[in-house]
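Asker: this is a predicted model, with the sequence first.
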Amino acid sequence: MEWTELRIRVPTAQLETASAIAGMAVSRGFYVEDYSDLEAGAREIAHIDLIDETLRARDRTHATLHLYFDVDENVAEARAYLDARLSAAGISYDVETDRVRDADWADNWKRYFKCTEVGRSLVIRPSWEPYENREGRKVLTLDPGAAFGTGTHATTSLCLELLEDACRPCDRVLDVGTGSGILSIAAALLSGGQAVGVDIDPLAVRVARENVERNGLSDRVTVLQGDLTDCVTGRFDLICANLVADLVIDLCPGLSDFLLPGGRFLCSGVIDDRAAEVEAALTANGYEIQARRQRDCWFAYLTTRRELCSNSKN
Ligand code: SAM
């Protein structure tokens, strides 16, 4: 059996909540490494008093959850869920991933990633899968590699569906946290305009650039490496951001510097516990919610910026 392991270290005081969250993220189960009750456990479970010194020396203040993922699961997407839920619960945590050295592992999940028709006009086609385009859909060819963004995760599919409604001809689109580049490429295909994708992760930037080239869009889609909007200049008709609640909230105040009059902001990756907070941040910063969609425990919003709309009429 091949798998990948995520190790999540949490304070023992928050172990119960963290375990409940971990249980929702894995289908294969997990185990907990916790030395906080070592002496009592040794007596009650193993019926011994003598405990090895290396065990006694273990950190009693933190526990580690070991989560195992099957070869067909996209660990990046499970990780996004865990990040969102653990942060929402106010748990301070560290995550380590164990790379399984089996040469086939990195590619095995590809067997489960199939062509996916999205909304009225898009199809996400894995680069290794044929697709018979009977309905004349816009074909987005993708190899996400280790980057987030296959289109199958609820946060991405919600964005793609909202993008279809939000994109207008020749729109200039900014995609914050581009991952595999999926939203930038979709925006360019839907609007026929230009898109800029930005991501903090160099691996995602490399993957996104390859995907842009794969779709023959190098002249219309640019991918930049950087934190949120720090490397971006200019203004856009539409900004999309599939991040996590905290990052969406952080983005809200400064985003107007990047939006053209009448601009739209599409955000996703908002876990249900944080939806009210994100909605409040959007409204406080002048964004009017035009559409709110939910899938599983995730929310996505299409908004327009109020002041800019009214300014544009003056
Ligand atoms: N846009 C893709 C999609 O919709 O499937 C990927 C979204 S993934 C949930 C979030 C992406 O945001 C990751 O690729 C991550 O590296 C990137 N990211 C996280 N923090 C960021 C930051 N501060 N600035 C830019 N990108 C960031």
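Answerer: All right, it came through fine. Numbers count the residues shown, from 1 in each chain.
Asker: show me which residues of the stretch 101-250 of the chain are close to the ligand?
Answerer: Applying CB under 6 Å from any ligand atom, we find that the stretch 101-250 of the chain lies next to the ligand at 147-149, 155-156, 159, 176-179, 182-183, 198-201, 204, 227-228, 242-243, 247. Placement of C-beta: from N, CA and C, glycine included.
Asker: are any of those residues buried, and which?
Answerer: 147-149, 155-156, 159, 176-179, 182-183, 198-199, 201, 204, 228, 242-243, 247 (16 or more other CB atoms under 10 Å).
Asker: which ones among these are found in strands?
Answerer: 176, 198-199, 242 (DSSP state E).
Asker: which of those lies closest to the ligand?
Answerer: Nearest to the ligand out of these is Asn242 (CB to the nearest ligand atom; 3.4 Å).
Asker: look up which residues are beta-bridged to that closest one.
Answerer: Judged by DSSP bridges, the bridge partners of Asn242 are Ser268.
Asker: list the contacts for it?
Answerer: By CB atoms under 8 Å, 6 or more residues apart in numbering, the contact set of Asn242 is 149, 155-156, 159, 177, 179, 183, 267-269, 300.
Asker: the same query, at a cut-off of 10 Å, please.
Answerer: Residues in contact with Asn242 (CB atoms under 10 Å, 6 or more residues apart in numbering) are 80, 148-149, 153, 155-156, 158-160, 175-179, 182-183, 248, 266-270, 298, 300.
Asker: for Asp171, same thing?
Answerer: Asp171 makes contact with 163, 187-188, 190-195, 236-238, 260, 263-264 under the criterion CB under 10 Å, 6+ apart.
Asker: one more time with 8 Å
Answerer: Residues in contact with Asp171 (CB under 8 Å, 6+ apart) are 187, 191, 193, 236-238.
Asker: narrow these to those that are buried.
Answerer: The neighbour count (16+ other CB under 10 Å) marks 187, 191, 193, 236-238 as buried among those.
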